[in-house]
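>>> dropping the sequence and predicted coords here.
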Amino acid sequence: MSDATLHVELVAADRVVWSGEGSQVVARTVEGDLGVLVGHQPLLSVLVPGVVKIMTEGEIVVAVVEDGFLSVADNRVSILSEDASLAAELDAEAIQAELERARSEGDEDAVLRAEAKLRGTQAV
């Protein structure tokens, strides 16, 4: 690994969603949006449902995560979430139906998760 890159791992409970080198990571934490660049100080933060962007050479990898953790140390970024998907894997129509169902049931947590997934599909 070059000193000019971050090694990034995005892991869900059941699989490694994405692993590779990047120059920047942006994720939403309980404190707000957080950007990580090479040389970032060690950090452990709590993720909220939202979009994660990983800038690599020539592309931006967009993923959607639920609650979880983000850890930064020695130019390594670990994003751990119970459920995470690459935005390209998501079906916007199915998510819209999921959102409507969650709203009709009054399930605010499910609404937040579905809204995060929709933002991810729009960020691709």
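Received the coordinates, thanks. No experiment lies behind these values; they were computed from the predicted model shown. Numbering: from 1, shown residues only.
>>> would you map the helices across the protein?
92-105, 108-122 (DSSP state H).
>>> so which elements touch the shortest one?
Counting by 3 or more Cβ pairs under 8 Å, 6 or more residues apart in numbering; DSSP states H and E, the packing neighbours recorded for helix 92-105 are helix 108-122. Glycine gets a C-beta too; all of them are placed from N, C-alpha and C.
>>> so which bits of the helix it packs on are buried?
Within helix 108-122, the residues that count as buried by 16 or more other Cβ atoms under 10 Å are 110, 111, 112, 113, 114, 115, 116, 117, 118, 119, 120, 121.
>>> got the contact list for the first one?
Taking Cβ atoms under 8 Å, 6 or more residues apart in numbering as the definition of contact, the neighbours of residue 110 are 98, 101, 102.
>>> which among the residues you listed count as buried?
98, 102.
>>> so what's the residue most central in space within the chain up against?
Centroid-nearest residue in the chain, with Cα atoms, centre = their mean: residue 52, separated by 3.1 Å. Residues near residue 52 by Cβ under 8 Å, 6+ apart: 10, 25, 26, 27, 28, 62, 63, 64, 65, 79, 84.
>>> the residues you listed in strands, which ones?
Counting by DSSP state E, the part of the contacts of residue 52 found in strands is 10, 25, 26, 27, 28, 62, 63, 64, 65, 79, 84.
>>> out of these, which one sits closest to residue 94?
residue 64 (13.0 Å; Cβ to Cβ).
>>> the closest one: how many residues sit nearby?
26 (other Cβ atoms under 10 Å).
>>> so what's it up against?
Counting by Cβ under 8 Å, 6+ apart, residue 64 has contacts 49, 50, 51, 52, 84, 85, 87, 90, 116, 117, 119, 120.
>>> please tell me how far the nearest residue to it once chain neighbours are set aside sits from residue 60.
Nearest residue to residue 64 in three dimensions, chain neighbours excluded: residue 120, at 3.6 Å (Cβ to Cβ, 6 or more residues apart in numbering). Distance, residue 120 to residue 60, using Cβ to Cβ, to the nearest Å: 12 Å.
>>> not counting sequence-adjacent ones, nearest residue to residue 42?
residue 73 (4.5 Å).
>>> in stretch 92-103, what's buried?
If you call a residue buried by 16+ other Cβ under 10 Å, then stretch 92-103 has these buried ones: 95, 98, 99, 102.
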